[in-house]
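Undergrad: Next input, structure requested:
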Amino acid sequence: MKGDVLVDYNDLWGRRDGLVIAVGAGGAVLQSRDSGLTWTKRHSMTRERLASVSGWRDLVVAVGANGTIVRSTDGG
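TA: Numbers count the residues shown, from 1 in each chain. The predicted structure follows:
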């Protein structure tokens, strides 16, 4: 993946099936469905720094600066 490589990423979360989510500066979110071999940029709808990410089944929640909370119900 080109671009966004220089973004500071703060946290990773993953599942056994290969789904991995990375979150970071400027609301950056990357998703991998192959255990990190390839990545796709996802839109978080925020420009705030995302500090932490966690999930359960298809629910993924990221939290960050200034009380920011973003979530996805489709695995990323």
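
Undergrad: and the closest residue to Thr46 other than its chain neighbours, what is it in contact with?
TA: In this structure, Thr46 finds its nearest non-sequential neighbour in Gly27, 4.1 Å apart by CB to CB, 6 or more residues apart in numbering. For glycine as for every other residue, the C-beta is placed from the backbone atoms N, C-alpha and C. Gly27 makes contacts with Ser44, Met45, Thr46, Arg47, Glu48, Arg49, Leu50, Gly64, Thr68, Val70, as judged by CB atoms under 8 Å, 6 or more residues apart in numbering.

Undergrad: just for this structure, where's the confidence low?
TA: 1-6 (pLDDT under 70).

Undergrad: still on that earlier bit, out of the contacts of Gly27, what pair is the most spread apart?
TA: For the contacts of Gly27, the maximum inter-member distance is 14.2 Å, found between Met45 and Arg49 (CB to CB).

Undergrad: So between those two, which is more surrounded?
TA: Set side by side, Met45 and Arg49 show more neighbours around Arg49, with 17 against 9, by other CB atoms under 10 Å.

Undergrad: Excluding chain neighbours, give the residue nearest to that one in space.
TA: Residue nearest to Arg49 in three dimensions, not counting chain neighbours: Ala65, with 4.5 Å by CB to CB, 6+ apart.

Undergrad: Might you report the residue contacts of Val29?
TA: Shown in contact with Val29 (CB under 8 Å, 6+ apart): Ile21, Ala22, Val23, Lys41, Arg42, His43, Ser44, Leu50, Ala62, Val70, Gly76.

Undergrad: same check, this time on Glu48
TA: Gly26, Gly27, Gly64, Ala65, Asn66, Thr68.

Undergrad: tell me the phi and psi of it?
TA: When read as degrees, to the nearest 10, the backbone of Glu48 gives phi -70, psi 150.

Undergrad: how close does it sit to Arg71?
TA: Counting by CB to CB, to the nearest Å, the gap from Glu48 to Arg71 is 14 Å.

Undergrad: and if you look at Met45?
TA: To Arg71, Met45 is 10 Å away according to CB to CB.

Undergrad: hmm, back to that, surely the residue nearest to Arg49 meets Arg47?
TA: No. If you go by CB atoms under 8 Å, Ala65 and Arg47 don't touch, sitting 9.6 Å apart.
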